[in-house]
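> Coordinates only, no sequence provided:
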């Protein structure tokens, strides 16, 4: 069976995101005997897409929808109108059945199916797409994928042939685990990946990195796990093997700012880690509790010191506007960031509300939204400060600090400075260019 996979994501800022989920889906399809091709709309026009569809003559088409919008306020970009134009281009070029998937579809399956008028959809892990395609006749149009064994996850054997634009990415994603047991108020990861953690065999992870480095000269990798340190023993096993392989690669990752053994940062450094993005959200004890975060300001201090002592660049990602946010809690957060001195602070204002999350229940209880209201178009929760006061207080508290960045406060993708910097800076996350 010839199967064409389309990555619909075109978001250019802060940098192009490698379509890892689709690469893993392609690997599963190939191992099941499919003839697979990936088209990445980050590097394709709609007219060239139509020509490639006609040339490949697919029997099935899968479209991966990574995001519904950029989750930023007040400068929000809503992607569904483009996805509709993309679907129309696909329909014009081919009569093959179209199946939707990806994290955006998994969060809004019925609404996106109705909006795009696809033939079918698979919500959840995409590695079971082959079984879904082979058994979809007479089945439901939308199916929930079961949680796949992580032993099944991996790149296609010939990634550069399956995915011709593969070499255009300066950083390649790698996943070591799925699932998160945390209960953060706003987060959709447990809905997408499950609350039970599923670890990928460390040997498989290192074999994948080694093959990409050996065969294609890839030197920069990003660990895409929502929390690489969600299981510290598994994280250490991956790092031990990576350090032993002596591959001379650079890695970056997401971590929660809490580590039972801070000496693991020494192992991170040994394995080639150059950058860590801490999902910190706030520096205020009351806000951390309100957001159901499993760490404290003291934890944030400890991991920041440990990370910095090993010479690893780090960033703290924040969200202003959670329940109970005030001018005082904003000042507490800014003060803690001054104390721990990260390379960069990336701060969102307002919390994007996703279905079946705690923040949706809070918004309903407070009358911010009504039962049954759609969340497909971006809706944001703000504390009782309101959006204008929240943004004003955050900007006032931050003042002229030049290592702070507010993604939602302008169209950064149209800024020539950042676009040029993104073209030439090729050593990990763009925030590493910030000055402390």
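That came in fine, so what should we check first? None of the values given here were measured: they were computed from a predicted structure.
> and residue 274, that's in a strand?
Yes. Using DSSP: H, G, I helix; E, B strand; the rest coil, the assignment for residue 274 is a strand.
> How many neighbouring residues does the nearest residue to it once chain neighbours are set aside have?
Spatially, and ignoring its direct neighbours in sequence, residue 274 is nearest to residue 250 (4.8 Å; CB to CB, 6 or more residues apart in numbering). C-betas here are computed from N, CA, C, even on glycine. Residues within reach of residue 250, counting by other CB atoms under 10 Å, total 17.
> separation between residue 250 and residue 227?
20 Å (CB to CB, to the nearest Å).
> Now residue 38: which helix or strand?
strand 35-40 (DSSP states H and E).
> how about residue 360, what does it touch?
Taking CB atoms under 8 Å, 6 or more residues apart in numbering as the criterion, residue 360 is in contact with 353, 354, 369, 375.
> again with residue 11
17, 67, 70, 77, 79, 413.
> Next one: the closest residue to the third one other than its chain neighbours from residue 291, what distance?
Closest residue to residue 70 apart from its sequence neighbours, by CB to CB, 6+ apart: residue 77 at 4.6 Å. From residue 77 over to residue 291 the distance is 25 Å, taken as CB to CB.
> Same check on residue 300?
For residue 300 relative to residue 291 (CB to CB), the value is 13 Å.
> what about these two, which has more around it?
residue 300 (26 against 23).
> who's in contact with stretch 71-87?
Where contact means CB under 8 Å, 6+ apart, the residues beyond stretch 71-87 that reach it are 6, 8, 10-11, 41, 46, 49, 63, 65, 67-70, 98, 104, 112, 115-118, 348-350, 352, 376-378, 380, 387, 391, 407-411.
> Among those, the buried ones, what's the ChimeraX command?
Filtering the contacts of stretch 71-87 down to the buried ones (16 or more other CB atoms under 10 Å) takes a single ChimeraX command:
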select :6,8,10,11,41,49,63,65,67,68,69,70,98,104,112,116,118,348,349,350,352,376,378,380,391,407,408,409
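> In strands, which of the contacts of stretch 71-87 appear?
The strands, defined by DSSP state E, take in 6, 63, 98, 348, 349, 352, 380 from these.
> on that earlier part again, give me the neighbour count for the residue nearest to residue 70.
Look at residue 77: counted by other CB under 10 Å, it has 16 neighbours.
> Ok, the one 5 residues further on next?
Using other CB under 10 Å, residue 82 is surrounded by 14 other residues.
> contacting residues for the residue lying closest to residue 306 once chain neighbours are set aside?
Spatial nearest neighbour of residue 306, chain neighbours left out: residue 262 (3.6 Å); criterion: CB to CB, 6+ apart. Neighbour list for residue 262: 302, 303, 305, 306 [criterion: CB under 8 Å, 6+ apart].
> ChimeraX command for the buried members of those residues?
To isolate the buried ones among the contacts of residue 262 in ChimeraX, judged by 16+ other CB under 10 Å, type:
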select :302,303,306
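> closest to residue 258 among the contacts of residue 262?
residue 303 (6.6 Å; CB to CB).
> So that closest one sits against residue 259, correct?
Yes. Counting by CB atoms under 8 Å, residue 303 does reach residue 259; the two are 5.4 Å apart.
> what sits in contact with each of those two?
With CB under 8 Å, 6+ apart, residue 303 and residue 259 have common neighbours residue 265.
> Just the buried residues of the host helix or strand of residue 268, please?
Here residue 268 is covered by helix 264-270, with elements defined by DSSP H and E. Within helix 264-270, the residues that count as buried by 16+ other CB under 10 Å are 264, 265, 267, 268, 269.
> Looking at pLDDT only, which of those scores worst?
Of all the buried residues of helix 264-270, residue 264 has the smallest pLDDT value, namely 94.
> can you list the domain ranges for the protein.
Annotated domains of the chain cover 2-144, 170-433 [automatic domain parsing].
> Let me have those in TSV, extended by distance to residue 160.
Listed next are the domains of the chain as TSV, based on distance: least, CB to CB, whole Å:
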stretch	distance to residue 160
domain 2-144	11
domain 170-433	7
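> quick one, strands of the stretch 251-400 of the chain?
273-281, 313-320, 344-349, 351-352, 380-381 (DSSP state E, counting those that start in this stretch).
> now the protein, which segments are flagged as low pLDDT?
Within the chain, the segments meeting pLDDT under 70 span 135-140, 412-428, 430-436.
> just to revisit the earlier point, which one among the ones in strands among the contacts of stretch 71-87 gets closest to residue 147?
Set against residue 147, the nearest of these by CB to CB is residue 63 (22.3 Å).
> Can you tell me the closest non-neighbouring residue to the most centrally placed residue in the chain?
With distances taken as CA atoms, centre = their mean, residue 224 lies nearest the centre of the chain, 6.8 Å away. Closest residue to residue 224 apart from its sequence neighbours, by CB to CB, 6+ apart: residue 173 at 4.5 Å.
> how much space between residue 113 and residue 359?
24 Å.
> on that earlier part again, how about the contacts of residue 11 in a markdown table, adding distance to residue 177?
A markdown table is the format used below for these (distance: CB to CB, whole Å):
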| residue | distance to residue 177 |
| --- | --- |
| 17 | 19 |
| 67 | 21 |
| 70 | 26 |
| 77 | 30 |
| 79 | 27 |
| 413 | 31 |
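> Specify which member of these is nearest to residue 26.
Among the contacts of residue 11, and counting by CB to CB, the member closest to residue 26 is residue 17, at 16.4 Å.
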